[in-house]
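S.K.: could you look at this predicted model? Sequence included:
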Amino acid sequence: MDPLTAMLLIIAGGVLVGVCVHFIPASAVGAMSASTGIATGPSMLSFGAGLTGILSASFALDSGPVAMLASGAAGSTLMIVLTILGGNLANAFGTGVPPVSGQTASGQSLLGSSTKDVITGWEQKPFVTPGTDGHGMPAQTAISGIIGGILGGVGGAMVFLGVHFLIVPISQETAAFSGMAAAGIFLINCVLPAYTLVGKTEGMFDRKMLTIPKTFLSCLIVSTFLALIIYSVSTYASTGAV
Amino acid sequence: MSAGIPATSGGPHIQSQKLFIVSMITGLAAIFLQGYTAAYVFILIPLIWPAFVGSANGVRSLASYGLGTGTSSIGYWGTAVGATAVYTGMLLGMNPVVEIAIALAGGAITGICAQKIIKMRIPVMIKESAILAASTAVIIRFLAGLFPEQVTLLYPLLYIAVTLAVLHPYNGSMGAGENQRRTLWLSGVEASMTTAVFGLLLLLMAPSLTSAGIILVSALGFGICIRGWYRMVKNEIYGMSWTGFPPAEH
Amino acid sequence: MFQILLLGSALAGLLAFLAGIFENEDSDAGSASNPNSQVQLAPQIEHLHRYYNKAIAGEPPQNALWAALAATVAYILYTRIGLDPVPGVILGALVGALIAAVLQGMYGSLAHISRIASMKNFKQILYWDSLLSPLPLSMTYTFLSALCLTLLSFVIHGLLGSPFPVPLIAMFLGFTLGAIASSTGDVHYGAERLYQHYKFGSGIAISKQGDIDVKGEYGYRNSVDTPYFTLRFGGPVTGLTFGLLIFIDAFSRISGNVWTSVILEFLIIALILIVIIFLEKYTRDRYGPFEEGK
């Protein structure tokens, strides 16, 4: 694989990571069963999912690029879907509330003013606790979370793969350094969209999906800068110019 | 010149630019002198503490605008930019000033994206983001250079320990009565805790008087900073007692 | 090879399950992460409390630090001491986890004192015994969870064959465990334990936030009273989530072929999705629409 392709892989991976934060439903206030979504902040949740993806992808390091991407997607999605199950269990039997989407209940979903869940068609409004913005993770957010997990896992694995290919000619301990660099690029690209989302999103049926172009552009710029640094490090090292 | 965030008590407000210049001078001096002091490198440890204080002040400036996603995120991204720049540079043996410059540029670019594209509307975003990235890069470069050879196995710990040391002072002091002086004393306490931890790691890796010296100097700094911080706590707290019932009415 | 992978995935699943339980209890023995906003809010509406306001950072970076610190110390000691693998790793992990627990105790106490010092307007008094009673409990749980995460990283690196070095795996696992525990176990603490005077069966409305329980079953509630409650539900749910994640991920690789692992994991994802939708239907039918004050 030539260095230019590896650099493009890093940039594409970084942008995918930024976009995946919009798909994974998360909200910090959910820990008090006061808002729909996984009960933690969007940036840290996507970061945790992506790291699981990178860890799974590392097992497939010798099996080729496609196997690595698939492995990363599988690990990341598994983490998201298990977290959704665990969160729903805690809400259902710990607090005693059914999963329901607050934004859909107030008619502000992306697809129009219907108050029914998009996937199952179940009515959301009567089940929301008044004064809260929903609780738990209903079916439409779960599907959105799975899509977000796949995107994030693939993106993280792409960044890992790109850095790995660029560093292989230079150093011995490629896995350690590529993992660390991938985690750093992942983190920066996860925190940027968290500011557009202001701490809470319900996934792909949330109105905040319309801000994806801003995320796309800013993650593109930041990933390009970081990819250029790593690319120039590798070319200068292999030509021995520094 | 820069309005900044009012100090709210405990003395005049210290501007971030001044802290930045001090931490850059002391930090870069420490990095360059590392090669020459050999076994006495523990003398240089106090030179890196201003960089911790400057980074904590950067986090404080950004976070007081009430971002809605928590103060911690700023600490992560600033340290991530600084750390990625340093680790990539160390792979190649780059000049430290080049690494710091790359970190400064990276922080500025991230700040520009946040300000112009995402439109976060924080006046000091670009300046503080660049300061944060560069200061954390200086800290990580110095701490990594303490160890005998390039140890990639320390990189994860370096990254996360510096992240927490930089974001904890403001996060731990958050409240209506928070003021800059007390937060910066607390960041001094945590700076000495972090250098003590790395001195301990050096002791475990290669026992010598140098590592014992690092731990002793850090303990000294810890003692001084904790007295300063605690004096301010006693002035500002509503009341302290061993035990008792709050006058609550439920 | 097959036997080593089987042993590795079984050990990994067990250690992950225990780490999940201990991490959740650690974040409940002192009010950490998201529900801490409620304890922080309470004095502002005149509910003066005796909780341990342990505001270090979010759960993911905290646990990443304790795990990375413990794993780095363990790895350095293990390569220096030169004992056989099993005693050497366990000894190193014990020392590393101890150092991580001491550091956590210091960070937590500094945060508690500093936060209460910033609450002068709300007349919140700093009670030393409300800091010193939960402190050993919180440090113990951190010790246990750092220990389990370190041993888990060694298992993943050694027995399951990941190319990443041990401290990097530990940092990754710390972030993941923190994100999972913050989403599952914290709901039991934040929505149920802190608000027991509200009836079971409702989320906490925005207008009611901060109105936490200050008195307990007998006298004033301390943070020591929280783990014995959440250990009955929140802890095991967190342990189940993290343990299943690590176990399925490791067990699916047992045949040695990457593609069987991917297909198996996606099948399990589909199965879990069906369980999620079934759970939603069950709670909707059982609980019914929201009715105030029944």
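M.R.: Right, received. Where do you want to start? Since the model is a prediction, treat every value here as computed from it, not as a measurement.

S.K.: and C:A179, how far from C:A250?
M.R.: 19 Å (CB to CB, to the nearest Å). For glycine as for every other residue, the C-beta is placed from the backbone atoms N, C-alpha and C.

S.K.: looking at the two, which is more packed in?
M.R.: Ranked by neighbour count (other CB atoms under 10 Å in any protein chain shown), C:A179 and C:A250 place C:A179 first, with 30 against 25.

S.K.: got a list of what the nearest residue to C:G190 once chain neighbours are set aside touches?
M.R.: In this structure, C:G190 finds its nearest non-sequential neighbour in C:P35, 3.2 Å apart by CB to CB, 6 or more residues apart in numbering or on different chains. Listed by CB atoms under 8 Å, 6 or more residues apart in numbering or on different chains, the contact set of C:P35 reads A:A31, A:M32, C:D186, C:Y189, C:G190, C:L194.

S.K.: do stretch A:74-88 and chain C come into contact?
M.R.: Yes: shown here: stretch A:74-88 in contact with chain C (CB under 8 Å from any CB of the partner chain) through A:74-75, A:77-79, A:81-88.

S.K.: which one (most neighbours) among the contacts of C:P35?
M.R.: Going by other CB under 10 Å, C:G190 tops these with 33 neighbours.

S.K.: can you confirm it is in a strand?
M.R.: No: using DSSP: H, G, I helix; E, B strand; the rest coil, the assignment for C:G190 is helix, not a strand.

S.K.: just checking, it touches C:N34?
M.R.: Yes: here C:G190 lies in contact with C:N34, judged by CB atoms under 8 Å, at a distance of 6.1 Å.

S.K.: just the pLDDT for C:T260.
M.R.: Looking at C:T260, its pLDDT reads 88.

S.K.: any part of the helix or strand in which it is found near chain A?
M.R.: If you go by DSSP states H and E, C:T260 is part of helix C:258-287. Yes: for helix C:258-287 and chain A, the contact criterion (CB under 8 Å from any CB) is met by C:258-259, C:261-262, C:265-266, C:268-269, C:272-273, C:275-277, C:279-284, C:287.

S.K.: contacting residues for the most centrally placed residue in chain B?
M.R.: The centroid of chain B falls nearest to B:F52 when counting by CA atoms, centre = their mean (2.6 Å). Neighbour list for B:F52: B:S135, B:I139, B:A165, B:V166, B:S187, B:G188, B:E190, B:A191, B:T194 [criterion: CB under 8 Å, 6+ apart].

S.K.: closest one of those residues to chain C?
M.R.: B:E190 (7.5 Å; CB to the nearest CB).

S.K.: assign a three-state SS to the closest one, would you?
M.R.: Under three-state DSSP, B:E190 falls in the helix class.

S.K.: circling back: and for C:G190 and C:N34, which residues touch both?
M.R.: Common neighbours of C:G190 and C:N34, counting by CB under 8 Å, 6+ apart, are A:A31, A:M32, A:A39.

S.K.: so how far is chain B from the residue nearest to A:A73 when sequence neighbours are not counted?
M.R.: In space, and not counting its chain neighbours, A:A73 is closest to A:G153: 3.8 Å by CB to CB, 6+ apart. Between A:G153 and chain B the distance is 20 Å, computed by CB to the nearest CB, to the nearest Å.

S.K.: can you tell me the element A:G153 falls in?
M.R.: Using DSSP H and E, A:G153 falls in helix A:139-167.

S.K.: helix or strand right after that helix?
M.R.: The helix or strand immediately downstream of helix A:139-167 is helix A:174-197, counting by DSSP H and E.

S.K.: number of residues surrounding whichever residue of the stretch 101-250 of chain C sits closest to chain A?
M.R.: Per CB to the nearest CB, C:A205 is where the stretch 101-250 of chain C lies closest to chain A, at 2.6 Å. Number of residues near C:A205 (other CB under 10 Å) recorded here: 17.

S.K.: check contacts around the residue nearest to C:I277 when sequence neighbours are not counted.
M.R.: In space, C:I277 comes closest to A:A139 once its chain neighbours are excluded; the distance is 5.3 Å by CB to CB, 6+ apart. Contact analysis of A:A139 by CB under 8 Å, 6+ apart lists A:D117, A:I119, A:T120, A:W122, C:I276, C:I277, C:E280.

S.K.: and what of A:L78?
M.R.: Per CB under 8 Å, 6+ apart, neighbours of A:L78: A:T52, A:G149, C:L245, C:I248, C:D249, C:E265, C:I268, C:I269.

S.K.: closest one to chain B out of those, please.
M.R.: Looking across the contacts of A:L78 and measuring by CB to the nearest CB, the closest to chain B is A:T52, at 15.8 Å.

S.K.: do you know how far that closest one is from C:S145?
M.R.: Per CB to CB, A:T52 is found 18 Å from C:S145.

S.K.: any of the contacts of A:A139 buried? List them.
M.R.: Buried residues within those, defined by neighbour count using 16 or more other CB atoms under 10 Å in any protein chain shown: A:D117, A:W122, C:I276, C:I277, C:E280.
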